[in-house]
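okay, predicted coordinates and the sequence, questions at the end:
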Number of protein chains: 6
Amino acid sequence: MTEKGQDFTHFNEAGRAKMVDVSKKPVTERKAIAEGKVYTSAETINRIQEAKIKKGDVLGVAQIAGIMNAKKTSDIIPMCHPLNLTGVDLDFEINDEDSYIRIVAEVKISSQTGVEMEALTAVSTAALTIYDMCKAVDKGMEIGEIRLLKKTGGQSGDFVREID
Amino acid sequence: MTEKGQDFTHFNEAGRAKMVDVSKKPVTERKAIAEGKVYTSAETINRIQEAKIKKGDVLGVAQIAGIMNAKKTSDIIPMCHPLNLTGVDLDFEINDEDSYIRIVAEVKISSQTGVEMEALTAVSTAALTIYDMCKAVDKGMEIGEIRLLKKTGGQSGDFVREID
Amino acid sequence: MTEKGQDFTHFNEAGRAKMVDVSKKPVTERKAIAEGKVYTSAETINRIQEAKIKKGDVLGVAQIAGIMNAKKTSDIIPMCHPLNLTGVDLDFEINDEDSYIRIVAEVKISSQTGVEMEALTAVSTAALTIYDMCKAVDKGMEIGEIRLLKKTGGQSGDFVREID
Amino acid sequence: MTEKGQDFTHFNEAGRAKMVDVSKKPVTERKAIAEGKVYTSAETINRIQEAKIKKGDVLGVAQIAGIMNAKKTSDIIPMCHPLNLTGVDLDFEINDEDSYIRIVAEVKISSQTGVEMEALTAVSTAALTIYDMCKAVDKGMEIGEIRLLKKTGGQSGDFVREID
Amino acid sequence: MTEKGQDFTHFNEAGRAKMVDVSKKPVTERKAIAEGKVYTSAETINRIQEAKIKKGDVLGVAQIAGIMNAKKTSDIIPMCHPLNLTGVDLDFEINDEDSYIRIVAEVKISSQTGVEMEALTAVSTAALTIYDMCKAVDKGMEIGEIRLLKKTGGQSGDFVREID
Amino acid sequence: MTEKGQDFTHFNEAGRAKMVDVSKKPVTERKAIAEGKVYTSAETINRIQEAKIKKGDVLGVAQIAGIMNAKKTSDIIPMCHPLNLTGVDLDFEINDEDSYIRIVAEVKISSQTGVEMEALTAVSTAALTIYDMCKAVDKGMEIGEIRLLKKTGGQSGDFVREID
């Protein structure tokens, strides 16, 4: 999936990081979808599910974190362009069998550059928030498989990850 | 590794998220170490290594991102306490054989609460930055195995992850 | 003034907060005006007026706070869209008789979504700043009547508050 | 409740705003409690209560906003000291009869200066968030009666508001 | 180079600072270039040059700081408009003879207002970062000659500084 | 004024920037004073002085910017430690003869590390703000002579700049 012949675009001639010039690119409707997983113990998964109604919605806090951090991606990732996102939503799927929570984030914009970093940042920070909310009861958690699922609307063509 | 009998500490009686009251806890010297990996294509790994000298140090940008975001963890993770970190450093190991970059972050503080979220945030945002710097040439990258390695200095005792 | 039949737009199907998708809405010129009041003791009102020339302009600091926070509304209010405001101004009226300061904020933008939250945030944070600047001499202050006065340019029609 | 003889402490000799020097004050345990109200239509109050279980917890989002903004009070209010809060919690009471939501915020710290602005900022931004979440169905809402209820631990003595 | 007859545009009729209303101005392609210098001892200049390869690239860190702060200019400078920059790059020239580092920043945007403050902020914060990285070995450094070199694309005509 | 034998402390063994570990340093009372100048046309100096009473206090806005940015120095300068400043004040001197405004900032803290970067950031951002407020009438301005004047309380001894 590596594109040969192309080079890192984020460095200038002196070999220092720059914010890529997108001023000549057209404004288009763009969307990106990313996913990630938080692996916990079986007991933690149970607690998250039980807690939702009576004690507190861990995933509700994670969703807000994901949205708020998607908005400040350009402050978190050094070379990202500041962007006015037009929509952000997250979805969580709990897998009881393998004891993990799958996070999917979708981000939309009308812009000269794409929003995959925003979708990935939403997923990563939602995952970290789940970790934070549960770490008092489970220090063995692990965050993994954070990756881009789909990206549409850019000049370089759409991207759809082949499910392995 | 789940602690039975204990409950989510981040919710109040109404079932809403709160910032845990640590005002009665003693100030102690604390340290946390976390790790994570960015899986890329073999070609991307080569480019990162070749680029370092002549074209630009991807990992140098990632390291700065990790440090800057460790400092603003309380702005990224909703229930984290604001903390005055006394030291942050990251280390990167490139694994040619399996085509991944391992990131390790170490964070120190003298405080009433620990810094595992700061170490995990440093790792996650450094990983996202590597992704951002390389995404023009490799969209198949994946971030994974983000987890706590070690945590010392807190009241609840030290934590050391058993290597699997 | 409640619109029947419509539902909260800020939740997704799982009942979790989302940033509403405005990507299909047209870009229009929008404006919002909001107001609020800070009730103080008569003596504090006098001090604020006297201080202006010789000792320091409390309202000048409040105005700057209002503008700076209007700009970061999307960082303060979780589900607000990031927006590039094109103009922000505030006005203060001191009412000697009833010992209060009325704050009015006007915000402009050309965007797919409105700026009422930006105007309300400008008013609220200007009010909090007045409180902060005066709290050493008057702890009995109260902030109130923060509300939208006018909103124009959106698809859902204009809003003008009827004066009670 | 105005303290005579004392002057605005937030201005220097040139009449410009300064951050008050607290470097000689002792570190003490401090706490502040503030309150505020959001007045809505009766229908909106009903919707908030009904929505909680099935459709989305407006007050849960508001609580997170209150906590996150309490943490960044020094970035919102120009002359506030940066502080490492040790605990923040909010409470919401719905008054069906008079159609309002009462917000109470409690903030704790061990510091050279107090946290009343942090408690007031938590209340104000939680109120603004309720407004934002409900504004699609009710534009007539009003935020009011934001005020300090209690403040303990400072050198200038405790403050307890007399209920009117 | 002062324009007679024109007045400060950043104050309203009450004499308080406002964010200038640019809502009627056309969106145009704009660019600004600014420069500045960091004067150090001869030995510090040598160290910076030697360190680059083996020990650490001071200017690489400064460049990232310049870019990240250009993006948040509207948060740093009170009356600046929030803007979605489309490109930022910096260049550093080391002058051995006179022991200084010259910083040049170029910022691009398509907007209703210009980006000279963004270019100047990039230069200033890059200069401060060089100072920070070198201050353990050289406390006599000085930052100077921060100024606008060129500005194009605005309605008020282009600006090119005459070299003195 | 360069200290021989010492090396850049901000790089780790891999040659990447780190946040220096100050966890073993004692907490001491520290203070730093920095200065800088904004050179304008004679007419601009006049306008700033005339405007103060009737039209708007340019330096009042600059002072607030200086204080607010001193507080977020660790967010602006990549390797700076987050710190809880205990006092910040600025002073402005207008020099009619040579048409410049001299800015002096003083910052205090009780901490394991010093605040010279905070004082320098206050001066730099106050200077940029003066530039922003006046740029509509004077594009020839220049910011210069930003430097540390005094630094006390640290382990490495006090620093006082010799006036040239």
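Sure, I can see it. Numbers count the residues shown, from 1 in each chain, chains lettered A, B, ... in the order given.

now do the contacts for A:Asn84.
Residues near A:Asn84 by Cβ atoms under 8 Å, 6 or more residues apart in numbering or on different chains: A:109, A:111, C:81-84, C:111, E:84. Every C-beta, even on glycine, is put in place using the N, C-alpha and C of the backbone.

helix or strand with the lowest mean pLDDT in chain A?
Evaluated with mean pLDDT, DSSP states H and E, the helix-and-strand set of chain A has its lowest mean pLDDT in helix A:42-54, which scores a mean of 86.

near chain B at all, it?
Yes. For a cut-off given as Cβ under 8 Å from any Cβ of the partner chain, helix A:42-54 has contacts with chain B, namely A:43-44, A:47, A:51, A:54.

can whichever helix or strand comes after that helix be said to contact chain E?
For helix A:42-54, the succeeding helix or strand toward the C-terminus, using DSSP states H and E, is helix A:58-71. No. Judged by Cβ under 8 Å from any Cβ, helix A:58-71 makes no contact with chain E; its nearest approach is 12.2 Å.

tell me what the least confident helix or strand of chain A is packed against?
Judged by 3 or more Cβ pairs under 8 Å, 6 or more residues apart in numbering or on different chains; DSSP states H and E, helix A:42-54 is in contact with helix A:58-71, strand A:87-95, strand A:100-111, helix A:116-134.

which SS class is the residue of chain A found nearest chain F?
Using Cβ to the nearest Cβ, the point where chain A gets nearest to chain F is A:Asp75, with a distance of 8.7 Å. Taken by DSSP: H, G, I helix; E, B strand; the rest coil, the conformation at A:Asp75 corresponds to helix.

separation between A:Ile94 and C:Glu13?
16 Å (Cβ to Cβ, to the nearest Å).

and the closest residue to chain E within chain A, how far from E:Cys134?
Chain E sits closest to A:Asp21 of chain A, with a gap of 3.3 Å, by Cβ to the nearest Cβ. Distance check for A:Asp21 against E:Cys134: by Cβ to Cβ, it reads 30 Å.

neighbour-wise, which of these two wins?
Neighbour tally, A:Asp21 and E:Cys134, criterion other Cβ atoms under 10 Å in any protein chain shown: the higher count belongs to E:Cys134, 25 against 16.

now do the contacts for that one.
When the contact criterion is Cβ under 8 Å, 6+ apart, the partners of E:Cys134 are E:40, E:44, E:47-48, E:58, E:141, F:8.

surely A:Asp98 forms part of a helix?
No. If the criterion is three-state DSSP, then A:Asp98 is coil and not within a helix.

rewinding a little: so the residue of chain A closest to chain E: helix, strand or coil?
Applying three-state DSSP to A:Asp21 yields a three-state assignment of coil.

what is the burial count for the nearest residue to it once chain neighbours are set aside?
In space, not counting the residues next to it along the chain, A:Asp21 is nearest to E:Gly87; the distance is 3.3 Å by Cβ to Cβ, 6 or more residues apart in numbering or on different chains. Taking other Cβ under 10 Å as the neighbour definition, E:Gly87 ends up with a count of 20.

who is E:Gly87 paired with across the strands?
For E:Gly87, the beta-bridge partners under DSSP bridges are E:Lys108.

are stretch A:119-129 and chain E in contact anywhere?
No. Stretch A:119-129 lies out of reach of chain E by Cβ under 8 Å from any Cβ, never closer than 14.8 Å.

check contacts around the residue nearest in space to the middle of chain A.
In chain A, the centroid-proximal residue (Cα atoms, centre = their mean) is A:Leu120; its distance is 2.2 Å. Applying Cβ under 8 Å, 6+ apart to A:Leu120 gives the contacts A:34, A:36, A:105, A:146-148, B:128, B:131, B:143.

apply 6 Å and report the result again.
For A:Leu120, the set of contacting residues under the criterion of Cβ atoms under 6 Å, 6 or more residues apart in numbering or on different chains consists of A:34, B:128.

check the gap between it and chain C for me.
Taken as Cβ to the nearest Cβ, to the nearest Å, the spacing of A:Leu120 relative to chain C amounts to 16 Å.

and the least confident helix or strand of chain A, what's buried?
By neighbour count on 16 or more other Cβ atoms under 10 Å in any protein chain shown, the buried set for helix A:42-54 is A:44-45, A:47-48, A:51-52.
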